[in-house]
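Engineer: make a model of this:
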Amino acid sequence: MVIEQISNPAAAGDEYQPGTNDKPGAMHMPATRCGLLMVAAAILWLVTGFTSADAAAPAAKIVEAGSALQLHAKHVALRDQLAANPYRRSMVIESTETSQDVKGEVYAEIASSFASVSEALAGPQGWCEILILHLNTKYCRVLRAPEGDRLLMNVGKKFDQPLEDSYRLDFAWRLAERRADYLRVLMTSATGPLSTRDYCITLEAVPLANGRTFLHLSYSYGFGVGGKIAMQAYFATIGSDKVGFTVTGKAADGQPAYVDGMRGLVERNTMRYHLAIESYLGALAVPERGQFEKRINDWFNAVERYPRQLHEMDKPEYLEMKRKEYRR
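Structural biologist: Sure thing, here's the model as predicted:
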């Protein structure tokens with residue numbers, strides 16, 4: 001997820017002070033396209049210096065797709081790819097792009113039991129613990145509101161910075177379905193920076209016969225003309241060497257050629273958020289006082305297994321930045 005959101009953080013007894021760039025978000029209605037929420041667009045906004053479009057994108061009804069039966073069928077369809085892939089784990093990454101939106105998806109088997117996954121991910125607070133692991137997430141907290149739970153977030157650049165220099169996003173959080181054999185969580189925001197819109201992160205999970213869990217993480221958002229122009233400028237300059245995970249062929253030197261552009265961007269962030277989920281779940285086995293340190297160490301180590309796509313900074317710098325942001 002980079003997860004980015006925040007709007008109207010003031011709550012009874014709350015002392016949160018939003019940055020000067022913060023704007024209330026129009027996110028009380030679910031957004032249209034579902035996928036994994038993240039800072040993809042916010043990163044571009046921060047890099048290029050463009051301002052956010054204030055015109056609210058039309059929020060539409062979410063298509064309530066997904067079921068335990070469908071996810072099990074997907075697991076069967078992906079069995080060969082889960083068993084043999086370049087990620088050195090039981091994982092498949094997919095992405096799609098149209099003229100108006102982009103979507104990244106991760107399907108993965110994880111060692112955690114479904115009962116523990118369902119318990120850990122069925123509440124909003126755990127998602128702030130997950131989202132703060134991403135490089136660009138500067139702040140996250142849960143706001144309980146009559147219209148439903150929200151995740152209030154600030155996103156920024158890949159280094160330590162004050163909140164007033166970051167961007168504010170506000171996501172609606174919803175436990176869409178929770179049964180003994182199926183979990184689905186939705187996070188949505190109608191608008192974002194760079195005329196982006198209809199952010200949606202979806203997580204689904206089902207138990208497997210071997211005591212493991214099959215996860216599906218999806219992240220998507222739409223974009224307008226302003227966003228498209230800014231993204232093209234980014235990919236033509238400082239983002240020109242950035243790639244995703246899908247292999248599109250072979251380079252001149254015989255090495256794999258990877259997808260780039262918008263699909264590369266959404267694949268990188270979807271992978272970062274999936275690894276954050278795994279790091280969060282893995283840290284639950286240690287005493288609570290040591291969980292955050294384990295999460296940030298495990299997340300960085302997991303990300304560094306894919307340096308071509310995900311390396312951004314050295315470990316001591318990342319750990320110190322996250323400790324400051326977590327205390328904040």
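Engineer: if I look at residue 227, how far off is residue 101?
Structural biologist: As judged by C-beta to C-beta, to the nearest Å, residue 227 and residue 101 stand 11 Å apart. Just so you know, the C-beta spots here come from the backbone N, C-alpha and C atoms, and that holds for glycine as well.
Engineer: what about the helices in the stretch 151-300 of the chain?
Structural biologist: 225-236, 261-283, 291-303 (DSSP state H, counting those that start in this stretch).
Engineer: which one's more surrounded, residue 227 and residue 101?
Structural biologist: Between residue 227 and residue 101, counting by other C-beta atoms under 10 Å, residue 227 is the more crowded of the two (23 against 20).
Engineer: that one - nearest residue in space that isn't next to it in sequence?
Structural biologist: With C-beta to C-beta, 6 or more residues apart in numbering as the criterion, residue 227 has its nearest non-adjacent residue at 3.9 Å, and that residue is residue 194.
Engineer: pretty sure the one you found is touching residue 231, no?
Structural biologist: Yes: counting by C-beta atoms under 8 Å, residue 194 touches residue 231, with 7.4 Å between them.
Engineer: just name the most buried of the helices of the stretch 151-300 of the chain.
Structural biologist: Ranked by mean neighbour count, these are led by helix 261-283 with a mean of 25 (mean count of other C-beta atoms under 10 Å).
Engineer: run the chain-centre distance for it.
Structural biologist: Put simply, helix 261-283 sits 6 Å off its chain's centre (C-alpha atoms, centre = their mean, to the nearest Å).
Engineer: and the direction of that helix versus that of helix 225-236, what angle?
Structural biologist: 80 degrees (axes from the mean of the first three to the mean of the last three C-alpha atoms, to 10 degrees).
Engineer: so for helix 261-283, mean pLDDT?
Structural biologist: In this model, helix 261-283 has a mean pLDDT of 96.
Engineer: over to stretch 288-296?
Structural biologist: On average, stretch 288-296 scores 97.
Engineer: what's next to that stretch, contact-wise?
Structural biologist: 129, 133, 279-280, 282-284, 286, 318-319, 322-323, 326 (C-beta atoms under 8 Å, 6 or more residues apart in numbering).
Engineer: run the last query once more with 10 Å
Structural biologist: Applying C-beta atoms under 10 Å, 6 or more residues apart in numbering, the contact partners of stretch 288-296 are 129-130, 132-133, 276, 278-287, 315, 318-323, 325-327.
Engineer: residue 96 contacts residue 263, correct?
Structural biologist: Yes: proximity of residue 96 to residue 263 meets the contact threshold set by C-beta atoms under 10 Å, at 7.5 Å.
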